[in-house]
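Student: would you be able to build a 3D model of this:
(one chain, ligands or ions: 2)
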Amino acid sequence: MPGAPLAYLTRKEIFSACHRLHSDQLSEEENKAVYGKCNNFHGHGHNYVVEVTVRGPVSSDTGMVMNIAALKQFMNKAIMETMDHKNLDKDVLYFKDVVSTTENVAIFIWNNLFQMLPNPSILYEVKIHETEKNIVIYRGETCS
Ligand SMILES: Nc1nc2c(c(=O)[nH]1)N=C([C@H](O)[C@H](O)COP(=O)(O)OP(=O)(O)OP(=O)(O)O)CN2
Ligand SMILES: [Zn+2]
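Tutor: Ligands and ions are numbered 1, 2, ... in the order given. As a prediction, the model looks like this:
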(Lines give C-alpha, C1' and ligand atoms only; values in the text may rest on other atoms or scores of the structure.)
(Ligands and ions follow the chains in the order given, each with its own letter.)
Protein backbone atom coordinates (compact mmCIF):
# COMPACT_ATOMS: atom_id res chain seq x y z
CA MET A 1 0.00 0.00 0.00
CA PRO A 2 2.17 2.89 -1.20
CA GLY A 3 1.85 5.90 1.08
CA ALA A 4 0.40 3.87 3.97
CA PRO A 5 2.07 4.61 7.32
CA LEU A 6 4.77 2.02 8.09
CA ALA A 7 4.84 0.86 11.72
CA TYR A 8 6.96 -1.55 13.82
CA LEU A 9 5.05 -3.77 16.26
CA THR A 10 6.90 -5.68 19.01
CA ARG A 11 5.66 -8.36 21.38
CA LYS A 12 7.71 -9.71 24.30
CA GLU A 13 7.65 -13.22 25.75
CA ILE A 14 9.85 -14.73 28.47
CA PHE A 15 10.82 -18.40 28.60
CA SER A 16 12.96 -20.38 31.02
CA ALA A 17 15.33 -23.00 29.69
CA CYS A 18 18.64 -24.64 30.44
CA HIS A 19 21.50 -25.44 28.13
CA ARG A 20 25.17 -26.24 27.89
CA LEU A 21 27.48 -24.57 25.40
CA HIS A 22 29.25 -27.52 23.82
CA SER A 23 30.27 -28.22 20.23
CA ASP A 24 30.78 -31.74 18.90
CA GLN A 25 33.16 -30.17 16.37
CA LEU A 26 35.60 -29.43 19.22
CA SER A 27 37.56 -31.65 21.61
CA GLU A 28 36.73 -31.70 25.32
CA GLU A 29 39.71 -29.42 25.95
CA GLU A 30 38.73 -27.05 23.17
CA ASN A 31 35.16 -26.89 24.50
CA LYS A 32 36.42 -25.98 27.95
CA ALA A 33 38.76 -23.36 26.47
CA VAL A 34 36.08 -21.81 24.24
CA TYR A 35 33.01 -21.94 26.52
CA GLY A 36 34.54 -21.87 29.99
CA LYS A 37 31.98 -22.17 32.80
CA CYS A 38 29.21 -22.42 30.19
CA ASN A 39 30.58 -25.81 29.20
CA ASN A 40 29.98 -27.25 32.67
CA PHE A 41 28.63 -30.75 32.16
CA HIS A 42 25.22 -30.28 33.80
CA GLY A 43 24.53 -26.96 32.11
CA HIS A 44 22.85 -23.81 33.45
CA GLY A 45 19.66 -21.87 32.95
CA HIS A 46 18.35 -18.56 31.71
CA ASN A 47 15.14 -16.62 31.71
CA TYR A 48 15.29 -15.58 28.07
CA VAL A 49 13.46 -12.37 27.22
CA VAL A 50 12.42 -12.47 23.56
CA GLU A 51 11.17 -9.45 21.61
CA VAL A 52 9.73 -10.14 18.17
CA THR A 53 9.17 -7.17 15.87
CA VAL A 54 7.04 -7.15 12.74
CA ARG A 55 7.07 -4.21 10.34
CA GLY A 56 4.37 -3.27 7.86
CA PRO A 57 1.68 -0.83 6.75
CA VAL A 58 -0.98 0.21 9.24
CA SER A 59 -4.18 -1.09 7.65
CA SER A 60 -6.74 1.66 7.10
CA ASP A 61 -9.43 -0.96 7.80
CA THR A 62 -8.16 -2.41 11.09
CA GLY A 63 -5.65 0.17 12.23
CA MET A 64 -3.15 -2.66 12.72
CA VAL A 65 0.11 -3.96 11.20
CA MET A 66 -1.09 -7.33 12.43
CA ASN A 67 -3.32 -8.38 15.32
CA ILE A 68 -1.23 -8.74 18.49
CA ALA A 69 -3.51 -11.63 19.44
CA ALA A 70 -2.33 -13.45 16.31
CA LEU A 71 1.33 -12.59 16.95
CA LYS A 72 0.90 -13.87 20.51
CA GLN A 73 -0.39 -17.21 19.19
CA PHE A 74 2.47 -17.56 16.71
CA MET A 75 5.04 -16.74 19.42
CA ASN A 76 3.41 -19.22 21.76
CA LYS A 77 3.94 -21.97 19.19
CA ALA A 78 7.35 -20.82 17.96
CA ILE A 79 8.87 -20.09 21.36
CA MET A 80 6.90 -21.18 24.43
CA GLU A 81 5.71 -24.60 23.30
CA THR A 82 9.11 -25.50 21.84
CA MET A 83 11.49 -24.17 24.51
CA ASP A 84 9.83 -23.07 27.77
CA HIS A 85 11.00 -25.19 30.72
CA LYS A 86 13.03 -27.39 28.39
CA ASN A 87 16.65 -28.44 28.10
CA LEU A 88 17.49 -26.87 24.74
CA ASP A 89 20.18 -29.42 23.92
CA LYS A 90 18.17 -32.49 24.87
CA ASP A 91 14.52 -31.55 24.25
CA VAL A 92 14.77 -29.41 21.07
CA LEU A 93 15.82 -31.40 18.00
CA TYR A 94 17.19 -28.29 16.25
CA PHE A 95 19.94 -28.03 18.87
CA LYS A 96 20.99 -31.67 18.54
CA ASP A 97 23.84 -30.59 16.25
CA VAL A 98 23.65 -26.80 16.69
CA VAL A 99 25.30 -25.09 19.68
CA SER A 100 22.56 -23.45 21.78
CA THR A 101 24.08 -19.97 21.77
CA THR A 102 21.71 -17.05 21.90
CA GLU A 103 22.55 -16.32 18.27
CA ASN A 104 21.31 -19.77 17.29
CA VAL A 105 18.23 -19.50 19.51
CA ALA A 106 17.36 -16.25 17.70
CA ILE A 107 17.84 -17.92 14.29
CA PHE A 108 15.66 -20.88 15.45
CA ILE A 109 12.86 -18.53 16.54
CA TRP A 110 13.12 -16.53 13.31
CA ASN A 111 12.90 -19.70 11.19
CA ASN A 112 9.88 -20.96 13.15
CA LEU A 113 8.01 -17.66 12.83
CA PHE A 114 8.96 -17.24 9.16
CA GLN A 115 7.28 -20.59 8.43
CA MET A 116 4.18 -19.75 10.50
CA LEU A 117 3.36 -16.15 9.56
CA PRO A 118 0.77 -15.79 6.75
CA ASN A 119 2.88 -12.86 5.48
CA PRO A 120 6.48 -13.68 6.54
CA SER A 121 7.82 -10.57 4.80
CA ILE A 122 6.63 -8.49 7.77
CA LEU A 123 9.00 -10.31 10.16
CA TYR A 124 11.61 -7.68 11.00
CA GLU A 125 13.62 -8.70 14.07
CA VAL A 126 14.12 -11.25 16.84
CA LYS A 127 15.88 -9.74 19.86
CA ILE A 128 16.88 -11.94 22.81
CA HIS A 129 18.14 -10.87 26.22
CA GLU A 130 19.94 -14.00 27.46
CA THR A 131 20.97 -12.22 30.66
CA GLU A 132 20.73 -8.66 31.91
CA LYS A 133 23.94 -7.97 30.00
CA ASN A 134 23.88 -10.25 26.93
CA ILE A 135 21.60 -9.35 24.02
CA VAL A 136 21.41 -10.73 20.49
CA ILE A 137 19.51 -9.29 17.50
CA TYR A 138 18.76 -11.30 14.34
CA ARG A 139 16.99 -9.86 11.29
CA GLY A 140 17.25 -12.75 8.85
CA GLU A 141 20.27 -11.22 7.18
CA THR A 142 23.16 -13.16 5.71
CA CYS A 143 26.72 -11.99 5.19
CA SER A 144 27.50 -11.08 1.57
N1 LIG B 1 28.40 -15.22 21.54
C2 LIG B 1 27.91 -15.82 22.64
N3 LIG B 1 28.70 -15.98 23.73
C4 LIG B 1 28.19 -16.58 24.84
C5 LIG B 1 26.87 -17.01 24.89
C6 LIG B 1 26.06 -16.85 23.71
O7 LIG B 1 24.88 -17.25 23.67
N8 LIG B 1 26.63 -16.25 22.62
N9 LIG B 1 26.36 -17.58 26.01
C10 LIG B 1 27.11 -17.75 27.10
C11 LIG B 1 26.55 -18.46 28.27
O12 LIG B 1 25.33 -19.03 27.92
C13 LIG B 1 26.35 -17.71 29.61
O14 LIG B 1 25.27 -18.13 30.32
C15 LIG B 1 26.28 -16.25 29.50
O16 LIG B 1 27.59 -15.84 29.74
P17 LIG B 1 27.99 -14.77 30.85
O18 LIG B 1 28.28 -13.51 30.16
O19 LIG B 1 29.04 -15.38 31.69
O20 LIG B 1 26.71 -14.58 31.76
P21 LIG B 1 26.45 -13.36 32.67
O22 LIG B 1 26.06 -12.18 31.81
O23 LIG B 1 25.47 -13.77 33.70
O24 LIG B 1 27.85 -13.13 33.39
P25 LIG B 1 28.44 -11.79 33.97
O26 LIG B 1 29.64 -12.24 34.74
O27 LIG B 1 27.39 -11.14 34.81
O28 LIG B 1 28.81 -10.96 32.76
C29 LIG B 1 28.50 -17.32 27.15
N30 LIG B 1 28.97 -16.74 25.93
ZN1 LIG C 1 23.93 -19.83 28.96
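Student: rest of the way, CA atoms for contacts and neighbours
Tutor: Will do.
Student: now the phi/psi pair for residue 18, please.
Tutor: Here is the backbone geometry of residue 18 (degrees, to the nearest 10): phi -120, psi 160.
Student: spatially central residue in this protein, please.
Tutor: In the chain, the residue lying closest to the centroid (C-alpha atoms, centre = their mean) is residue 106, at 3.1 Å.
Student: near ligand 1, which residues of this protein show up?
Tutor: By the rule C-alpha under 6 Å from any ligand atom, the part of the chain lying against ligand 1 is 38, 101, 102, 103, 131, 133, 134.
Student: can you select the buried ones among these for me in ChimeraX?
Tutor: Per 16 or more other C-alpha atoms under 10 Å, the buried members of those correspond to this ChimeraX selection:
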select :38,101,102,103
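Student: closest one of the residues of the chain next to ligand 1 to residue 29?
Tutor: Nearest to residue 29, judged by C-alpha to C-alpha, of those is residue 38 at 13.3 Å.
Student: how much space separates that closest one from residue 46?
Tutor: According to C-alpha to C-alpha, to the nearest Å, residue 38 stands 12 Å off from residue 46.
Student: same thing with residue 26?
Tutor: Residue 26 is 24 Å from residue 46, by C-alpha to C-alpha.
Student: before we move on, what about residue 131?
Tutor: Separation of residue 131 from residue 46 (C-alpha to C-alpha) stands at 7 Å.
Student: show me what the longest helix along the chain is packed against.
Tutor: For the chain, the longest helix by residue count, based on DSSP state H, is helix 102-116. Packing contacts for helix 102-116, counted by 3 or more C-alpha pairs under 8 Å, 6 or more residues apart in numbering; DSSP states H and E, involve helix 68-75, strand 123-129, strand 135-138.
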